[in-house]
Structures are given as structure tokens and as C-alpha cells.
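Participant: Return atomic coordinates for the entry below.
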Amino acid sequence: MELISPVIETYIAQFTSPEPIALEEVNKATTAKHPMAHMLSGHVQGQFLSMICAMLKPKHVLEIGTFTGYSALCMQRCLPEDGMIHTIEIRPEDAATAAENFSKLNANKQITLHIGNAMEIITQLPYQWDLVFIDADKTGYINYYEMVVPLLAKEGIIIADNVLFHGQVLEEPLKGKNAKAVHAFNQHVQQDPRTEQVMLSIRDGLTIIKKK
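Facilitator: Numbers count the residues shown, from 1 in each chain. Model prediction:
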């Protein structure tokens, strides 16, 4: 399903600050070489993540789902000097690509890459998170959310990606495990008395969540 007109998408991109050249190269390389390139955050969403970091000035950032490293690099470019991103990727091939991209952009001082199961790795990280970006397996979203809500810093926020899941969350009946999982996550967050949220139609849908 086409959520937003391509003409509008083009207009939005035109009036969004351009990617730094190094990030544009990561974007283009992923698009050219990766069979699942549609998973990349992309220019507009990447700039959104950069702006969020510029405003929040987070010291501890958790990213669940590294892919090729583009979104982590977008956040890293606006981190404060003492900021650190811990990003988790379960697929070794994508983790290797991300590690290469982090090295090329000299981002290793502020990005720590973890390879493996996020549910296990998060329990080993002794931080309160100022910013959490969830962009991993959709069937795990509720579990990730429940794990990180208690770990949020006082002013911390969660950003969940793909909350519109290509428009499939609007279908009746819902089809496919991912669409069902995302819809269940959206309902779960909406009904959680601990938090409040706003859903945005950026790219494939983003929800920003904070504790009340």
C-alpha cells in the first residue's frame, strides 16, 4: 500500500537538509548491494534521528537492530562528546557491514556494536537509556518495549520504527505475522498507563514514546 504520495515524499526530501556525503555513501552502497535495502532508515528519517539527538543530547543510546549502521551513524553525528550508542545486530553479515561503515567514518569511539540476541545483550548493559531506537524483528517489539521501559532515564524516550508496516496494519483482516505483531505492539503501547506516545507518518511510521 502506498502510504504517502511519491510526489510528497520527493518534496519532503527536497526541503530536508541533505545527508552528509559519508552518510550518503552508506545509503547508496546499501541500496545498491543489499537485497533488503528497504530496511534502511533513509535520508529523511536519518535526519529526523539526528535532530532528535541534537535536541535530547543523550548520553546513553540503545539501538535494537543495526542493519548496515546508517541509523546509528545518523544519531552519532549529533551526540554530545560523552555520548555513546550501543547498537545490537543479530545477523553477522549485516553486523560486519556496519562495523566496516563505523570504522570508515571514525565512529567507533561513540558506537559499540553488539552481535547476538538483543534480549540477552540488553540485560548485560548497565545503563539507563536516554534514547532507545527499536528497529528489529517485529514479533519481538512488545518484548523489547517491556524490557526497556523500566530502563529509561527520567527524560528518556523510545522511538519505534515501522509502526505502519507498509500499510498492512490497516488491512482487514490483518495478514501476516509481522503486520499482526506491529498492530499488537501499537495497541500495547496505546493501552500502557505508564507512557504516552505520538505516532508519526515518517517513512514507514514512527512512534515516539515517553514515560508519564
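
Participant: mind checking how far the closest residue to residue 200 other than its chain neighbours is from residue 139?
Facilitator: Distance criterion C-beta to C-beta, 6 or more residues apart in numbering; nearest residue to residue 200, sequence neighbours excluded, is residue 206 at 4.8 Å. (Glycine included, C-beta is placed from N, CA and C.) Residue 206 sits 19 Å away from residue 139, going by C-beta to C-beta, to the nearest Å.

Participant: In terms of packing, which of these two has more residues around it?
Facilitator: Neighbours per residue, other C-beta atoms under 10 Å: of residue 206 and residue 139, the larger number sits with residue 206, 23 against 14.

Participant: Which pLDDT value goes with residue 5?
Facilitator: We have a pLDDT of 87 for residue 5.

Participant: go on, residue 78?
Facilitator: With respect to pLDDT, residue 78 has a value of 96.

Participant: So what's the residue count around it?
Facilitator: 18.

Participant: next structured bit after the strand of greatest length in the chain?
Facilitator: For the chain, the strand that runs over the most residues, judged by DSSP state E, is strand 152-161. Scanning forward in sequence from strand 152-161 by DSSP states H and E, the next helix or strand is helix 177-190.

Participant: Buried ones in the helix or strand that that next one is followed by, by neighbour count?
Facilitator: The first helix or strand that comes after helix 177-190 along the chain, using DSSP H and E, is strand 195-200. Within strand 195-200, the residues scored as buried using 16 or more other C-beta atoms under 10 Å are 195, 197, 199.

Participant: The residue nearest to residue 200 is in contact with residue 157, isn't it?
Facilitator: No. Residue 206 lies out of contact with residue 157 (C-beta atoms under 8 Å); the separation is 11.2 Å.
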